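Student: Provide a 3D model corresponding to the input given below.
(chains A and B)
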Number of protein chains: 2
Amino acid sequence: MLTDGVDFDLAACDPRRVVRKALAVNLSDLAAMAARPEAALVSLALPRSAGIELATALYEGLLPLAEEFDVAIAGGDTNTWNGPLVISVTAVGSVTRSGVWRRSGARPGDRILVTGEFGGSILGRHFDFVPRVQEALYWSARHEVHAAIDVSDGLSLDLHRLCQASGVGAIVDLEKIPIASAAHELAVQRADGVSPLDHALADGEDFELILAAAPQVAQVMLREPPAGVKLTCIGEFSEAPGLWRRAEEGNEPLAPRGYVH
Amino acid sequence: MLTDGVDFDLAACDPRRVVRKALAVNLSDLAAMAARPEAALVSLALPRSAGIELATALYEGLLPLAEEFDVAIAGGDTNTWNGPLVISVTAVGSVTRSGVWRRSGARPGDRILVTGEFGGSILGRHFDFVPRVQEALYWSARHEVHAAIDVSDGLSLDLHRLCQASGVGAIVDLEKIPIASAAHELAVQRADGVSPLDHALADGEDFELILAAAPQVAQVMLREPPAGVKLTCIGEFSEAPGLWRRAEEGNEPLAPRGYVH
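Tutor: As a prediction, the model looks like this:
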C-alpha cells in the first residue's frame, strides 16, 4: 500500500511511476520466493478532485509492467473520496515445480550472491527497477538455491534478516559489494560524509535479490548468469551468528542498517 | 477497500465491525464462486493520531472471522499517515473439485433461488452478516448450480447482472421474496413511502446468494438445505431478456434498482 504524502508526493511525481512501483515491489516479493506471477488485484482511493485523468494515468502506468510479466489485473476496487491517493496492490503467484525459496534455508559455508548494484535508489531506481522475476525463475529451474530475500529496506538489514531466519551469520567482503553509480552521485550531492559504500549497505529500495547457495552451485551460477543481470559473490554464511566484515586482522562486527518500519 | 468518511464513519462505529466487514465482503465474493477461502492479505493506512489502540482493535475485529472460516492472514502492509483510516483486504480462495460457479451459466427455465432475507441491512446486518461460504461449498459439492452471484448492490440489480451475464431474463414472484424484519423497521422509521419490498429489492449489502438451478435440482436443494440457512425460490429465468414481475394479467417489467458505483 502506497499513500500520498508518505511513500510519494503526488504533486512532485508522475502517478504512472508510482503505480508501476506499487506493482513492481509485489513482483519483487514473488521473485524472492521464485514464484511465477499470475495476477494482481489493484485497489485505489482516488481524490475526488483529481478526476478521471488520474485514474487514466494510473492504468497507463500499471499496464505495461503487467503485460511485461504476463500478470492479469484480475480485480480490485476503485473508490473516490476526499482524502489523498492510496494505492493498494496484491499480487498472486504460483509455485513452480522447482519449489519455493524461503529466507530460512541458508547454511554455513553457503556463498552470499547478490544481483545488480546497490545504493542511491532514491535518485530514480526505486521507481524504475525491473523486478528479478525472470532471473529467479531461471535460477530456480536450474540450481539449488538454499534461501533468498529481496532488498527493500537495506542490503545489510535484509541480509541480517535472512541470517536470522536461517540461524546463521554472514561474513561480508565489503570491497566486493557492487556499488551503483547512483550511490556515488548521492554521496557527492549530499556531501554529508556518508560514503557510497554506506549508501549501498543501508539505503534500501534496490529490489535486488540476495541468494544463498553452496560453493559449487554458486560457482556455476556466477559463470552462467542469465542475460542482462550482474551476479556477484559478496561473502559467505557462517556458523557464528551476526553480520561480520571480513578483515585480514580478523573479522569485525558489521551493523545491520536500513529502513526500520 | 473501505475508507473512513465514505464506507464508514469511524467517529460513529466500532472499528472491529468495520474490519470484519472488509474481510466478510471478500468471503462473500468467494462464496459466490463456490471457492474455498484460503488466505487474506490486509493492508491498512492508520491515522497517526489513532495510535496502537486502533491497530489492536482492527486485529480484534479481524481474527475471529478469519478463524471461523479458517482463513490465514498471510500478509499485507501496515502504514501510518496523516489521512483517514483505509482498510484494503484481498482474499484468496481455491477451486474445489466441483468447479467454480460463474454469473454466466443460468438457463431459461432454471429456478431463481436466494438465501436468507433482504432489505434494511443498513440497520446492522451489513456489518454482521455471515458470508455464505459453508452453504456454497455444501451445495457445490452436491448439486449442479448453473450460476451464482452475491447481493452486494441490490437484489434486483444483482439479479439483473446475473441475467445479463447469462444472456437470459428473469420472472420474479414478488410475493415470494423473503423480506427481512429490518426492511419493515426501516420503512417504519423512515416513513417515506418506500415499502419493505422496495427495500428488499434495492437496498443491497445483504450479501446473500442468488443461485440458478434446473427445476429438479432446485426441488432437492429446497427440500434439504444445510442447517441454519433459509433457501427460497423467487421465480425462474426466462428466454425473454430483462427483469419481469409475474402477474396474473401478464408479466410486467421490473426495474433493476440498487447501488450504482
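
Student: For the strand ranked longest in chain A, which strands pair with it and how are they oriented?
Tutor: Longest strand of chain A, by residue count under DSSP state E: strand A:35-47. Strands that pair with strand A:35-47, judged by DSSP bridges, come out as strand A:72-81 (parallel), strand A:86-95 (antiparallel).

Student: Any chance of these in CSV with distance to A:L231 and mean pLDDT as columns?
Tutor: (Glycine included, C-beta is placed from N, CA and C.) Supplementary listing: the strands paired with strand A:35-47 in CSV, determined by distance: least, CB to CB, whole Å; pLDDT from 0 to 100:
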stretch, distance to A:L231, mean pLDDT
strand A:72-81, 30, 93
strand A:86-95, 22, 96
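
Student: Would you reformat those as TSV and include mean neighbour count?
Tutor: Shown next, in TSV, are these (neighbours: other CB atoms under 10 Å in any protein chain shown):
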stretch	mean neighbour count
strand A:72-81	16
strand A:86-95	23
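
Student: ranges for the strands of chain A?
Tutor: Under DSSP E, chain A gives strands at A:2-3, A:35-47, A:72-81, A:86-95, A:111-115, A:147-150, A:169-172, A:209-213, A:231-238, A:242-245, A:252-253.

Student: Please save the CA atoms from the second one in CSV.
Tutor: Only the C-alpha atoms of strand A:35-47 are listed here, as CSV (Å, rounded to 0.1, in the frame of the first residue of the first chain):
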residue,chain,number,x,y,z
ALA,A,35,7.2,-17.8,-7.7
ARG,A,36,5.7,-17.2,-11.1
PRO,A,37,3.4,-14.0,-11.0
GLU,A,38,-0.1,-14.8,-12.1
ALA,A,39,-2.5,-12.0,-11.2
ALA,A,40,-2.6,-8.6,-9.4
LEU,A,41,-5.5,-7.0,-7.6
VAL,A,42,-5.5,-3.2,-7.6
SER,A,43,-7.4,-1.1,-5.1
LEU,A,44,-7.4,2.6,-5.4
ALA,A,45,-8.8,5.5,-3.2
LEU,A,46,-8.8,8.4,-5.7
PRO,A,47,-9.1,12.0,-4.5
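
Student: mean confidence for that strand?
Tutor: Here strand A:35-47 scores 97 as its mean pLDDT.

Student: list the buried ones in that strand?
Tutor: The neighbour-count check on strand A:35-47 (16 or more other CB atoms under 10 Å in any protein chain shown) flags A:A35, A:R36, A:P37, A:A39, A:A40, A:L41, A:V42, A:S43, A:L44, A:A45, A:L46, A:P47 as buried.

Student: Across the sheet, point out what pairs with A:L113.
Tutor: In beta-bridge terms (that is, DSSP bridges), A:L113 pairs with A:L211, A:C233.

Student: and it, what does it touch?
Tutor: A:I210, A:L211, A:A212, A:A213, A:A218, A:M221, A:L222, A:L231, A:T232, A:C233, A:I234 (CB atoms under 8 Å, 6 or more residues apart in numbering or on different chains).

Student: closest to A:W81 among the residues you listed?
Tutor: A:I210 (38.8 Å; CB to CB).

Student: Tell me which residue is most central in chain A.
Tutor: What sits nearest the mean C-alpha location of chain A, by CA atoms, centre = their mean, is A:F207, with 1.8 Å.

Student: show me the residues around that one that make contact.
Tutor: A:A24, A:V25, A:S28, A:S121, A:H126, A:F129, A:P131, A:R132, A:D150, A:V151, A:S152.

Student: do the same with A:L85
Tutor: Per CB under 8 Å, 6+ apart, neighbours of A:L85: A:T3, A:D4, A:L10, A:P15, A:V18, A:L44, A:A45, A:L46, A:P47, A:A50, A:L54.

Student: what about 7 Å?
Tutor: A:L85 sits next to A:D4, A:L10, A:A45, A:L46, A:P47 when contact means CB atoms under 7 Å, 6 or more residues apart in numbering or on different chains.

Student: Can you give me the separation between the third one and B:A170?
Tutor: With distances taken as CB to CB, to the nearest Å, A:A45 is found 34 Å from B:A170.

Student: cool, the second one as well?
Tutor: A:L10 sits 45 Å away from B:A170, taking CB to CB as the criterion.

Student: Which residue of those two possesses the greater neighbour count?
Tutor: Each of A:L10 and B:A170 has its neighbours counted (other CB atoms under 10 Å in any protein chain shown); B:A170 has more, 29 against 16.

Student: I'd guessed the more buried one sits against B:R161; true?
Tutor: No: checked against CB atoms under 7 Å, the pair B:A170 and B:R161 is beyond contact range at 10.8 Å.

Student: How about A:T78, nearest residue that isn't a chain neighbour?
Tutor: The shortest distance from A:T78 to any non-neighbouring residue, by CB to CB, 6 or more residues apart in numbering or on different chains, is to A:L44 (5.1 Å).

Student: what are the ranges of the helices in chain A?
Tutor: A:15-31, A:51-68, A:125-128, A:133-142, A:155-166, A:181-190, A:196-202, A:215-223 (DSSP state H).

Student: between those helices, which one is nearest to chain B?
Tutor: Chain B lies closest to helix A:15-31 among the helices of chain A, at 8.6 Å (CB to the nearest CB).

Student: Indicate the residue of the stretch 101-250 of chain A located nearest to chain B.
Tutor: For the stretch 101-250 of chain A, CB to the nearest CB, closest residue to chain B: A:S152, 11.4 Å.

Student: what about that residue, how many neighbours?
Tutor: So A:S152, with other CB under 10 Å, has 20 neighbours.

Student: same question, A:S181
Tutor: So A:S181, with other CB under 10 Å, has 12 neighbours.

Student: if we can go back for a sec, now for the residue nearest to A:T78: which residues touch it?
Tutor: So, once contact is read as CB under 7 Å, 6+ apart, A:L44 ends up touching A:L58, A:T78, A:N79, A:I87.

Student: again with A:V89
Tutor: By CB under 7 Å, 6+ apart, A:V89 lies in contact with A:A22, A:L23, A:N26, A:A40, A:V42.

Student: what's the farthest-apart pair in those residues?
Tutor: A:N26 and A:V42 (10.1 Å).

Student: Per-residue pLDDT of A:H261, please?
Tutor: Model confidence at A:H261 (pLDDT) stands at 69.

Student: what does A:G193 give?
Tutor: 95.

Student: ok, now A:R125?
Tutor: 96.

Student: so how many other residues sit close to it?
Tutor: 21.

Student: is it true that it touches A:A182?
Tutor: Yes: between A:R125 and A:A182 there is a contact under CB under 7 Å: 6.1 Å.

Student: joint contacts of these two?
Tutor: With CB under 7 Å, 6+ apart, A:R125 and A:A182 have no common neighbours.

Student: Please list all residues in contact with A:G119.
Tutor: Per CB under 7 Å, 6+ apart, neighbours of A:G119: A:I179, A:A180, A:A182, A:A183, A:P196, A:H199, A:A200, A:D203.

Student: Next one, pLDDT for the second one please.
Tutor: Among the per-residue scores, A:A180 shows a pLDDT of 98.

Student: how close does it sit to B:F8?
Tutor: 44 Å.

Student: same thing with the first one?
Tutor: Spatial separation of A:I179 from B:F8 under the definition CB to CB is 48 Å.

Student: right, and A:W81 touches A:A45 too?
Tutor: Yes: because the distance of 5.3 Å satisfies CB under 7 Å, A:W81 is recorded as touching A:A45.

Student: Overlap of the contact sets of those two?
Tutor: B:T3.

Student: Distance of the residue of chain A most remote from its centre relative to A:L10?
Tutor: For chain A, the largest distance from the centre (CA atoms, centre = their mean) belongs to A:S49, which lies 33.6 Å off. Using CB to CB, A:S49 is found at 11 Å from A:L10.
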